[in-house]
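Asker: Test case, fold it:
(one chain, ligands or ions: 2)
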Amino acid sequence: VPGGAAVPRWALRAAFARSLSAMYGREVPAYTTLVQVATEVNADVLRSRGAAAERLGSAARVTAERHGAIRVGTREELRQVAAVFAGFGMHPVGFYDLRDASASSVPVVSTAFRPLEVEELARNPFRVFTSVLVADDRRFFDADLQTRLEAFLARRTLFPPRLLELAARAEAAGELPAGEAAEYLRLATAAFELSPEPVDRAWYAELSRVSAVAADIGGVASTHVNHLTPRVLDIDELYRRMSERGIEMIDEIQGPPRWDGPDVLLRQTSFRALSEPRRFREADGSVTTGALRVRFGEVEARGIALTAAGRAAHDEAVAEVDRRLAAEPGGVRADVAARVWAERLPRSEDELDRRGFGVFTYRLLPGARGAADPGASVHDLVRAGLVVRDPVVYEDFLPRSAAGIFRSNLTDEGTKDTALAGSARDEAWMAEVLQRPVTDPVAHCAQQRHASLRALAAQLRLDAT
Ligand code: OOG
Ligand code: NI
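Answerer: Ligands and ions are numbered 1, 2, ... in the order given. Below is the predicted model of the structure:
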């Protein structure tokens, strides 16, 4: 066949994740160490816990699973990156405003591009947390700096026309012929490589005074992968092993604490940003070699998704941890959090489900239909062993952890005039810029749960509530 067999969207996505991973491993060797340690931990957990270790994802999925993080400067760049990801079957989910998540000063808002459907996630769940600079936010940039920043950004091209053309074709057809697939992968990977172009020292320094993230985005003429994150089945063990190897980790694991109840949402940690050699253009036009400390390695453990009620209970627990730590300075967050969790959150999957906090799907066991009492609740049927309850994995991010990861890897806090008002950004803004709907992650999970209940009810003529 001329051009070879067509490559379907999911295979393009899996290849894209592998290609970015190979590129990032060459650029940031410590990432390779992190993947190695994560792989070892996962193998140990799979050996010691057996099938239970695969409850939140098959060994194959978890081994291949990555998320990337990238940062762009303008609405146009954001719209284009969305088109690049759409060709890989990755769609915008969620809106995160990191300008005011827990007192951080990061002048960006974000979404995550990822597959939506269960089958697509199972084939390859690659996702990219994507942030866009808010150059008109007066708390960070005065009018003069905004003008110069926007002019700088307007002069650069992150995504060549041929890449956008191939992405549009992949999105429309749901596949690409082998030759075009290879070209799409090559151009998409290249768009996220670190550029060897010299960085204008004075311009980068000026932006750094406002925010290191602003300099990383608007101080250079291209974008790059900021980190690539493998998934691990025991993040506490990974943290211990990385520290043992002498790799400097950030102070804590972000997100829910380690405790003896069910794992929910997302726990993340990272090693500190590494000093990488970069070329600089000096005021006199000469080019020198220096270093920048921007890119880091992150790792994550995923838990069960929460309903709106579950998320509210989680957020209240986090607020309670903050209050107790404020009242007892010197307290260790992980210990305080484990106590608060034990007091307030469901200790088992069954309780998580019965309180309506966790997201689950349900399926009737073969041959169970005749035995089921049509008046029974789904919880009764689960307890009677007639219906199997499967947890839905949390596929998204946590704004507070995201801001924490950004901030803990910055050398200084930058400057922010909190007396001024920020510019308005929300999910509707994001959808309008992208010219694509932005999926709400909580509603999306709720739909999944309802669909399984409807199917069950149709089988049993139960009331789908
Ligand atoms: C993104 C930080 C957020 C996460 O995992 O929460 C993130 C960035 O550093 O650009 O990736
Ligand atoms: Ni991340």
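
Asker: and the strand or helix carrying residue 39, what other elements does it pack with?
Answerer: Taking DSSP states H and E as the criterion, the element that holds residue 39 is helix 29-49. Secondary structure elements in contact with helix 29-49, counted by 3 or more C-beta pairs under 8 Å, 6 or more residues apart in numbering; DSSP states H and E, are helix 9-27, helix 59-64, strand 227-230, helix 235-244, strand 297-302. For every residue, glycine as well, the C-beta is placed using N, CA and C.

Asker: Worst mean pLDDT among those?
Answerer: Looking at these, the lowest mean pLDDT belongs to helix 59-64 (a mean of 90).

Asker: Can you tell me the strand partners of the helix or strand just after that helix and which way each runs?
Answerer: Under the assignment DSSP H and E, the closest C-terminal helix or strand after helix 59-64 is strand 66-72. Using DSSP bridges, the neighbouring strands of strand 66-72 in the sheet come out as strand 127-133 (parallel), strand 227-230 (antiparallel).

Asker: now those strands in CSV, with distance to ligand 2 and mean neighbour count?
Answerer: Formatted as CSV, those follow (distance: least, C-beta to the ion, whole Å; neighbours: other C-beta atoms under 10 Å):
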stretch, distance to ligand 2, mean neighbour count
strand 127-133, 5, 25
strand 227-230, 5, 25
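
Asker: just so I know, which of these lies nearest residue 41?
Answerer: Using C-beta to C-beta as the criterion, the shortest distance between residue 41 and the strands paired with strand 66-72 is 9.9 Å, found for strand 227-230.

Asker: Just the CA trace of that closest one, in PDB.
Answerer: The C-alpha coordinates for strand 227-230 follow below in PDB (Å, rounded to 0.1, in the frame of the first residue of the first chain):
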ATOM      1  CA  HIS A 227       8.400  17.700  33.000                       C
ATOM      2  CA  LEU A 228       7.200  14.300  32.100                       C
ATOM      3  CA  THR A 229       5.600  12.300  34.900                       C
ATOM      4  CA  PRO A 230       5.400   8.500  35.200                       C
END
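
Asker: from the chain's centre, how far out does that strand sit?
Answerer: Relative to the centre of its chain, strand 227-230 is centred 9 Å away, using C-alpha atoms, centre = their mean, to the nearest Å.

Asker: What residues does residue 65 make contact with?
Answerer: By C-beta atoms under 8 Å, 6 or more residues apart in numbering, the contact list for residue 65 reads 57, 125-126, 230-231.

Asker: In the stretch 1-150 of the chain, where is pLDDT below threshold?
Answerer: For the stretch 1-150 of the chain, residues meeting the criterion pLDDT under 70 lie at 1-3, 101-104.

Asker: Recalculate using a threshold of 80.
Answerer: Low-confidence segments of the stretch 1-150 of the chain, defined by pLDDT under 80, are located at 1-4, 100-105.

Asker: residues from it in reach of ligand 2?
Answerer: residue 69 (C-beta under 5 Å from the ion).

Asker: Around ligand 1, pick out the residues from the stretch 151-300 of the chain.
Answerer: The stretch 151-300 of the chain comes close to ligand 1 at residues 226, 268, 298, as judged by C-beta under 6 Å from any ligand atom.

Asker: got a markdown table for these, with neighbour count and distance to residue 84 too?
Answerer: Supplementary listing: those in a markdown table, determined by neighbours: other C-beta atoms under 10 Å; distance: C-beta to C-beta, whole Å:
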| residue | neighbour count | distance to residue 84 |
| --- | --- | --- |
| 226 | 24 | 16 |
| 268 | 22 | 25 |
| 298 | 24 | 22 |
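
Asker: What is the nearest of the residues you listed to ligand 1?
Answerer: residue 226 (4.4 Å; C-beta to the nearest ligand atom).

Asker: How about the closest one: what's its closest non-neighbour residue?
Answerer: Sequence neighbours aside, residue 69 is the residue nearest to residue 226 in space, at 4.4 Å (criterion: C-beta to C-beta, 6 or more residues apart in numbering).

Asker: Pop out the phi and psi values for residue 268.
Answerer: Comment: the main-chain dihedrals of residue 268 come out as phi -140, psi 150, following degrees, to the nearest 10.

Asker: Over to residue 191?
Answerer: Geometry field for residue 191 lists phi and psi as phi -60, psi -20, criterion degrees, to the nearest 10.

Asker: Quickly list what the residue nearest to residue 226 is bridged to.
Answerer: The residues paired with residue 69 through beta bridges, assigned by DSSP bridges, are residue 129, residue 227.

Asker: from memory it sits against residue 129, does it?
Answerer: Yes: with contacts defined as C-beta atoms under 8 Å, residue 69 counts as touching residue 129 at a distance of 4.5 Å.

Asker: quick revisit: which residues sit in contact with the residue nearest to residue 226?
Answerer: With contact taken as C-beta under 8 Å, 6+ apart, residue 69 is in contact with 128-131, 225-229, 298.

Asker: Report the separation between residue 447 and residue 122.
Answerer: Taking C-beta to C-beta, to the nearest Å as the criterion, residue 447 is separated from residue 122 by 17 Å.

Asker: hmm, I was thinking of residue 358
Answerer: 20 Å.

Asker: element containing residue 433, please.
Answerer: Counting by DSSP H and E, residue 433 is part of helix 427-434.

Asker: Mind giving me the packing neighbours of that helix?
Answerer: helix 75-86, strand 91-97, strand 108-114.

Asker: contacts for it?
Answerer: Around helix 427-434, the neighbours that count as contacts under C-beta under 8 Å, 6+ apart are 75, 78-79, 82, 92, 95, 109, 111, 132, 437-438, 440.

Asker: Most neighbours among these, which one?
Answerer: residue 111 (28 neighbours; other C-beta atoms under 10 Å).

Asker: can you pull out the helices in the stretch 151-300 of the chain?
Answerer: Listed from the start of the chain, the stretch 151-300 of the chain has helices (DSSP state H, counting those that start in this stretch) covering 161-173, 178-190, 201-210, 212-218, 235-244.

Asker: Let me fix that, I meant to ask about the stretch 301-450 of the chain.
Answerer: In the stretch 301-450 of the chain, the segments counted as helices under DSSP H, counting those that start in this stretch are 308-327, 333-344, 349-354, 378-383, 399-408, 427-434, 441-460.

Asker: would you list the ones you listed in TSV and tack on mean pLDDT?
Answerer: As requested, these are arranged in TSV below (pLDDT from 0 to 100):
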stretch	mean pLDDT
helix 308-327	96
helix 333-344	95
helix 349-354	96
helix 378-383	92
helix 399-408	83
helix 427-434	96
helix 441-460	93
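
Asker: and among the ones you listed, the most buried is which?
Answerer: Relative to the other members of these, helix 399-408 carries the highest mean neighbour count by mean count of other C-beta atoms under 10 Å, namely a mean of 22.

Asker: Just want the angle from that one to helix 308-327.
Answerer: Inter-element angle recorded for helix 399-408 and helix 308-327: 40 degrees (by axes from the mean of the first three to the mean of the last three C-alpha atoms, to 10 degrees).
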